[in-house]
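Student: coords please:
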Amino acid sequence: MVFKSLHHLNSVYLHNNKLILPKPRTEYLERSFSYSGAALWSSLPQDLREYKSLGVYKKKAKAYFSSLGSHTAIM
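Tutor: Just a heads-up that it's a prediction; the model follows:
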């Protein structure tokens, strides 16, 4: 969803040109899309975040997450 937001491929209200990771003061903010999406996106390797094509991104992301193994935590 973050990829689509950055490339304007989804609803306008989800467009997000900046991934500012605010310090969450509440659990509500920490669970929000704006925080958790930015945190997860920022944790991806730089080369994965730089793809412009959704199809290529999905393929590379799937390979990346498969390489982590089923017991590896994302965050």
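
Student: pretty sure residue 10 is in contact with residue 1, am I right?
Tutor: Yes - if you go by C-beta atoms under 8 Å, residue 10 and residue 1 touch, sitting 6.9 Å apart. Heads up, the C-betas are built off the backbone N, CA and C, glycines and all.

Student: The protein: helices as residue ranges?
Tutor: Assigned by DSSP state H, the helices in the chain fall at 2-6, 27-30, 33-43, 46-49, 54-68.

Student: and the fourth one, what does it pack onto?
Tutor: Counting contacts by 3 or more C-beta pairs under 8 Å, 6 or more residues apart in numbering; DSSP states H and E, the secondary-structure elements packed against helix 46-49 are helix 54-68.

Student: repeat that with 10 Å
Tutor: Judged by 3 or more C-beta pairs under 10 Å, 6 or more residues apart in numbering; DSSP states H and E, the packing partners of helix 46-49 are helix 2-6, helix 33-43, helix 54-68.

Student: swap in the last one?
Tutor: The contact analysis (3+ C-beta pairs under 10 Å, 6+ apart) places helix 54-68 against helix 2-6, helix 46-49.

Student: got the contact list for it?
Tutor: 3-4, 7, 9, 44-45, 47-51, 53, 72, 74 (C-beta atoms under 10 Å, 6 or more residues apart in numbering).

Student: Recalculate using a threshold of 6 Å.
Tutor: Contact partners of helix 54-68, identified using C-beta atoms under 6 Å, 6 or more residues apart in numbering, comprise 3, 48, 51.
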